[in-house]
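# Sequence and predicted structure, then a few things I'm wondering about:
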Amino acid sequence: MFFPFFDPTFFILIPALLISMYAQYKVKSTFNKYLNVAASRGYTGAEVARDILQQKGIRNVTIERAQESLSDHYDPRSKTVRLSPEVYNGRSVASLGVAAHETGHAVQHAVEYLPLNIRHTLLPVANFGSKLGLPLGIFGFFFFRSEFMVHLGLIIFAGAVLFQIVTLPVEFNASARAIDFLRNGDYLARDEVKPAKKVLNAAALTYVAAVLVSIGHMLRLLMMASMLDDD
């Protein structure tokens, strides 16, 4: 049966979307909570990032101050760790945790961490799949009732799903490295490490949620293909 205005396959996505909303709430609330907890050693996020790179002998990575809040990331193309203002200049437990995590990606790049290399390789496929795969499948289902278009969209979108899955070990490993840096580098007192870990765990939940949402979309396309096959 064709549903021109009501999409029964959308219900597959609801659990993943709810988890995604919770993950976004959790990362913001946890980050803001520990943004107000000053680290006792007095380092800024930028100072910790620079010191970690120096300790690891990495000279070709720069640290930049980004403009927007929660825009922290490592850019492998320019080999730049970009830290949001509250992280770059911040001296809180949350600031140091995020700075160490992003620097962890730079260290992964320097040591050619395999999952990171795989993720970089998959990036063009993921961009193509996320922009074209899902629209193609949904468009083919609702407007052309084309099983071929749905299957093609499914195959293309699989690249985006694979990228999200490979992202998980990359992010978990960066967080584990960050905790080691903070603990062994004496950037945080012993009782400050656990709150920093909570910030990074909350951030990791958003990546898990992204995987669940992408798998939900894939299951949705599979359900559409099955419905057309039954017609």
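Received, thanks.
# Just to be sure, residue 63 is in a strand?
Yes. Assessed by DSSP: H, G, I helix; E, B strand; the rest coil, residue 63 belongs to a strand.
# Mean confidence (pLDDT) on the helix or strand harbouring residue 158, please.
Using DSSP states H and E, residue 158 maps to helix 147-184. Mean pLDDT, helix 147-184: 96.
# Repeat that for stretch 126-139.
Computed over stretch 126-139, the mean pLDDT rounds to 92.
# can you pull the contacts of the residue nearest the centre of the chain?
The residue lying closest to the centre of the chain (C-alpha atoms, centre = their mean) is residue 207, at 4.5 Å. Residue 207 sits next to 164, 167, 168, 171 when contact means C-beta atoms under 8 Å, 6 or more residues apart in numbering. C-betas here are computed from N, CA, C, even on glycine.
# If we use 7 Å, what do you get?
The neighbourhood of residue 207, defined by C-beta atoms under 7 Å, 6 or more residues apart in numbering, consists of 167, 168, 171.
# related to what we said a few turns ago, now the angle between helix 147-184 and the helix or strand just after the helix holding residue 158, please.
Following helix 147-184 in sequence order, the next helix or strand is helix 190-230 (DSSP H and E). Counting by axes from the mean of the first three to the mean of the last three C-alpha atoms, to 10 degrees, helix 190-230 lies at 170 degrees to helix 147-184.
# got any ranges where this protein has weak pLDDT?
1-6, 231 (pLDDT under 70).
# Neighbours of the residue nearest to residue 17 when sequence neighbours are not counted, how many?
Counting by C-beta to C-beta, 6 or more residues apart in numbering, residue 213 is the residue found nearest to residue 17 once chain neighbours are left out, at 6.6 Å. The local packing of residue 213 (other C-beta atoms under 10 Å) involves 19 other residues.
# That'll do, ta.
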